[in-house]
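Chemist: Here is my input; please provide its structure:
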Amino acid sequence: MHLRRWEVGTTLAILALSIVASLLGLFRPGHYPNSLLPQYYVQDATMLVVGVPLLAAALWHARRGSFRGRIVWLGALAYMAYTWAHVGIQAGFNRFYLGYVALFALSLFTLIGGTITVDARAVRRTQADAVSERLYGGFLVLVAVGLAVLWLAELVPATLTGTPPTLVAEQGPEALVTHFIDLGVVVPSLLVSGVWLWRARPWGYVLAGIAVVFGAILTPTIVGMTVVILAVGELTVSPVAIAFTVLPLVAVTALAVTYVLAISPATDVRAMAESERAK
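Modeler: Here you go, the predicted model:
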């Protein structure tokens, strides 16, 4: 399961561009709209402290053929694609706009390319006795349903009455970017991952691993943004929305750690040895 040269190259480009993008967001005046400043400061700081180091470490291990490293690498790429899609769409045009386009494209297609080359049957053999299909699969389905209900509870009444949701009135149309991406991509992905894992399908083990690692890396950003929003008090956020957003992320962090640690050292060493022979 060693990485191909282009995957290493694109990941290095993602790391470099992410550092530049985050530093610009933190220190360049006027880089973001004023309404997004508190949340995006948290996001950029978290990217530098959590996202970039994790992706770099995962790349180093995955390049050596580590199965653990590969799963974390894929989860980190999902986090990068999700984050930079948000910024590119929500923040509007600035001097780094094309950089956001490049970051999203590189993250998305490296994620796709890295995922389709995973030996799903080998992953199933490794994780079948170590991971509870019912626990992980059920949790992912529950999170998908909860997330869909959370966003649809705002969007359906607004659609029926023809009145924009409260967030749109407070922040503008860009406030619905998260709803769009979550309902269009995240919810279906979690549902498929959860159902396939529940049925013990090989790709269920792969996608579930990517999903929980993605959620774990995203957790510090979401928790930090929630704290900032509450402290600033500029947005109307219900306690239910906070609970449905933060608590599942805390739980998924525990599941991600458990999933990665469930990969036995012997399996990881064997994967690395096979990778060296393949070279």
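Chemist: where does the stretch 151-279 of the chain have low pLDDT?
Modeler: Counting by pLDDT under 70, the ranges of the stretch 151-279 of the chain that qualify are 170, 233-241, 244, 265-279.
Chemist: How are the helices of the stretch 51-200 of the chain distributed by residue range?
Modeler: 52-63, 67-90, 97-116, 120-127, 133-161, 166-171, 177-181, 187-198 (DSSP state H, counting those that start in this stretch).
Chemist: how about the fourth one: buried residues?
Modeler: The one in question is helix 120-127. Neighbour-count burial for helix 120-127, counted by 16 or more other CB atoms under 10 Å, picks out 120, 122, 123, 124, 126, 127. (Glycine included, C-beta is placed from N, CA and C.)
Chemist: Export those as TSV, with columns for pLDDT and distance to residue 135.
Modeler: Formatted as TSV, those follow (pLDDT from 0 to 100; distance: CB to CB, whole Å):
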residue	pLDDT	distance to residue 135
120	92	20
122	88	22
123	89	17
124	91	16
126	85	17
127	89	12
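Chemist: just those now: which is nearest residue 12?
Modeler: Lowest distance from residue 12 to the buried residues of helix 120-127 (CB to CB) belongs to residue 123, with 25.4 Å.
Chemist: dump the residue contacts of the closest one.
Modeler: Going by CB atoms under 8 Å, 6 or more residues apart in numbering, residue 123 touches 67, 202, 205, 206, 209.
Chemist: same thing with residue 106?
Modeler: Contacts for residue 106 were tallied using CB under 8 Å, 6+ apart; they are 10, 13, 14, 17.
Chemist: ok, now how distant is the third one from residue 48?
Modeler: Read it as residue 14. Noted for residue 14: a distance of 14 Å to residue 48, by CB to CB, to the nearest Å.
Chemist: more crowded one of those two?
Modeler: residue 14 (26 against 17; other CB atoms under 10 Å).
Chemist: Looks like that one contacts residue 110 (just checking).
Modeler: Yes: judged on CB atoms under 8 Å, residue 14 makes contact with residue 110 at a distance of 7.1 Å.
Chemist: overlap in contacts of the two?
Modeler: Common neighbours of residue 14 and residue 110 (CB under 8 Å, 6+ apart) are residue 77.
Chemist: what about stretch 53-66, average pLDDT?
Modeler: Across stretch 53-66, the average pLDDT comes to 95.
Chemist: er, stretch 133-148 actually
Modeler: 95.
Chemist: Residue 72: neighbour count?
Modeler: 26.
Chemist: And residue 119, by the same measure?
Modeler: 14.
Chemist: what do you get for residue 262?
Modeler: There are 16 residues near residue 262, going by other CB under 10 Å.
Chemist: Ok, residue 261 next?
Modeler: Neighbours of residue 261 (other CB under 10 Å): 11.
Chemist: Residue numbering should commence at 613 henceforth.
Modeler: Noted, 613 is the first residue going forward, which turns the last one into residue 873.
Chemist: Please name every helix or strand in contact with the host helix or strand of it.
Modeler: Here residue 873 is covered by helix 851-874, with elements defined by DSSP states H and E. Here helix 851-874 touches helix 679-702, helix 745-773, helix 814-844, going by 3 or more CB pairs under 8 Å, 6 or more residues apart in numbering; DSSP states H and E.
Chemist: so which of these is the most packed in?
Modeler: helix 679-702 (a mean of 25; mean count of other CB atoms under 10 Å).
Chemist: Quick one: neighbours of residue 788, just the number.
Modeler: 20.
Chemist: nope, residue 725 is what I was after
Modeler: By the measure other CB under 10 Å, the count of residues near residue 725 is 15.
Chemist: Would you mind confirming that it is in contact with residue 619?
Modeler: Yes: using CB under 8 Å, residue 725 is in contact with residue 619, at 6.3 Å.
Chemist: any idea how far the spatially most central residue of the chain lies from residue 823?
Modeler: In the chain, the residue lying closest to the centroid (CA atoms, centre = their mean) is residue 691, at 2.9 Å. According to CB to CB, residue 691 and residue 823 sit 11 Å apart.
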